[in-house]
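In: Sequence first, then the predicted structure, then my questions.
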Amino acid sequence: MQTLLITLGVLIGIILLIVLYVIGVYNQLIQLKNRFVNAFSQIDVQLQRRYDLIPNLVETAKGYMKYEQETLTKIIDARNTAKAAASTTAAKPDDNESMQKLISAESTLTSSMGKFFALAENYPDLKANQTMQQLMEELSSTENKVSFARQSYNDAVMVYNTYRSQFPSNMVAGMFGFSLATNFEVSKPEAKEAVKVSFT
């Protein structure tokens, strides 16, 4: 009888340790997930700022770039698509599908902006416009902030994904539906650079 109680006590102790370990891993996964979700919110703030600047930039350029209306329309369309994708992703940054849509939309927007800047070089009066210069300066600053925020987010995702993939925490992650998170990386090589702005 005493041996049975000792065995039962040991089994209960082992089960308790396993339960405590699972709780600890679960809490760590939640903490790491919250870090990358918070890091995405920093990206979202900067993206929203950029989305707000782009219409002003296009509106300022309209008077000077009368023959480039198609390019300006494409920028606004790309901006609207990216803004909608960012809103969806901001609601659930751990959703890989919405993150992929955002990455694609951001790549398209960055490409459109690159074409706009290349065309704008052909309009000296536009380059000399003080409003345009201020908008370009703000946009350049925002692009830098987006890059820093994206790096911080990707670092947080890497820590989460590493912990989530390690044994035995990967078993706990699988039990509770913690999937791998997606890095926020632009898919076009030319878009990896911050938008180059030179209107001086």
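Out: Structure received.
In: low-scoring stretches of the protein, by residue?
Out: In the predicted model, the chain carries pLDDT under 70 at residues 187-200.
In: Let me know the next secondary structure element after the biggest helix by length in it.
Out: Criterion DSSP state H: the longest helix present in the chain is helix 2-62. Later in the chain than helix 2-62, the nearest helix or strand by DSSP states H and E is helix 69-91.
In: what residues are up against residue 125?
Out: residue 64 (Cβ atoms under 8 Å, 6 or more residues apart in numbering). (Each C-beta comes from the backbone N, C-alpha and C, glycine too.)
In: now it: how far from residue 60?
Out: 11 Å (Cβ to Cβ, to the nearest Å).
In: Then residue 114?
Out: Using Cβ to Cβ, residue 114 is found at 18 Å from residue 60.
In: Same check on residue 134?
Out: Note on residue 134: its distance to residue 60, by Cβ to Cβ, is 9 Å.
In: Between these two, tell me which one has more neighbours.
Out: residue 60 (19 against 13; other Cβ atoms under 10 Å).
In: Pull the contacting residues for that one.
Out: 126, 129, 131-132, 135.
In: One more pass at 6 Å, please.
Out: Going by Cβ atoms under 6 Å, 6 or more residues apart in numbering, residue 60 touches 131-132.
In: one step back: what about the longest helix of the chain, distance to the chain center?
Out: Distance, stretch centre to chain centre, for helix 2-62: 16 Å (Cα atoms, centre = their mean, to the nearest Å).
In: What about the residue lying closest to residue 154 once chain neighbours are set aside, how many residues nearby?
Out: Nearest non-adjacent residue to residue 154, counting by Cβ to Cβ, 6 or more residues apart in numbering: residue 183, 4.8 Å away. A count of nearby residues for residue 183, using other Cβ under 10 Å, gives 15.
In: where does residue 183 sit relative to residue 169, distance-wise?
Out: In terms of Cβ to Cβ, residue 183 sits 20 Å off from residue 169.
In: do residue 91 as well
Out: Counting by Cβ to Cβ, the gap from residue 91 to residue 169 is 27 Å.
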